[in-house]
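**Q** Got a predicted structure here, sequence first:
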Amino acid sequence: KGICKVLAMTLVKFKDEKSQELVRDLIAEMCRRHSDASLESLNAVFKALCTKELVNAPPTKAAVAALSALLWTTSIASSCNRKSPEFPRLMEYQSILYTLALQTSNTKILDRAYECLRDFWKSDEDFFQLYFDKFSAMEPSHYTFIMLAALLRLRLEDKTDTAFFDANRATFINHFTKGLITVKTKLNCHLYVASKIFLNFLNEDDAKTSILPAIQRWMLRNPETILEGVEYILQ
């Protein structure tokens, strides 16, 4: 527990890749030797990052730290006991950290964040279905949708057909409308940019029956939270 608290300080202090890699290797070894204790202690670190420290930091600064923390999570998830009751919490923190990492115009950070998840999901054939089932079943939010969009992107890289999206069309639309349209607070514009892969799949019927009604309803109720988002959706 003490080691994990100290490791949290390295997120912003260790700038070079070699030092960051040493920390990730230490975390992976801790999870292999003391899986449950390490996972619980590291989840406490992620909770503080996701609920206090990074969410209140400037977006670009938060994105850098979130990317480093996201890399930690994939090392942990690859090394720890997936049957632990703490594992679902780790997955949820991953979604928040990934979303925070996307809230920047720095393409290097954006690409690295997605590549981190892509390489992790492809490292075990069970991961894709595990994560899709988890986030599609969760209460819709911008965090859950952003993870589903990343999973969709990965699926399209492996299989160019649209069967996966067509089979889960209602799930994607539901998470998008509730997570990025009917929101109580204004979202970072880059999250709408990250939704492009989903929006490109929508047909005219989807727009008329699902997306447009949600936009019109929320423009009447809370226009200040969605007005800028509408611009990005239309683009």
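**A** Structure received. In this text the structure is predicted, and so the values were computed from the model without any measurement.

**Q** ok, the residue nearest to M138 when sequence neighbours are not counted to K178 distance?
**A** If the residues on either side of it in the chain are set aside, M138 comes closest to T144, at 4.9 Å by CB to CB, 6 or more residues apart in numbering. All C-beta atoms are positioned from the backbone trio N, CA, C, and that covers glycine. Look at T144 and K178: by CB to CB, to the nearest Å, they are 9 Å apart.

**Q** quick one: which of these two has more around it?
**A** T144 (21 against 17; other CB atoms under 10 Å).

**Q** For the more buried one, give me its contacts.
**A** Residues near T144 by CB atoms under 8 Å, 6 or more residues apart in numbering: S95, F135, S136, M138, H175, G179.

**Q** Check which helix or strand it maps to.
**A** Per DSSP states H and E: T144 is located in helix 142-158.

**Q** Could you list the alpha-carbon positions for that helix in CSV?
**A** These are the backbone C-alpha positions of helix 142-158, laid out as CSV (Å, rounded to 0.1, in the frame of the first residue of the first chain):
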residue,chain,number,x,y,z
HIS,A,142,-19.4,9.6,-21.8
TYR,A,143,-16.8,7.3,-20.2
THR,A,144,-18.6,4.2,-21.3
PHE,A,145,-19.3,5.4,-24.8
ILE,A,146,-15.7,6.4,-25.4
MET,A,147,-14.5,2.9,-24.5
LEU,A,148,-17.2,1.4,-26.7
ALA,A,149,-16.0,3.7,-29.6
ALA,A,150,-12.4,2.4,-29.0
LEU,A,151,-13.6,-1.2,-29.1
LEU,A,152,-15.5,-0.4,-32.3
ARG,A,153,-12.4,1.1,-33.8
LEU,A,154,-10.4,-2.0,-33.0
ARG,A,155,-13.0,-4.3,-34.4
LEU,A,156,-13.0,-2.4,-37.7
GLU,A,157,-9.2,-2.7,-37.9
ASP,A,158,-9.5,-6.5,-37.6
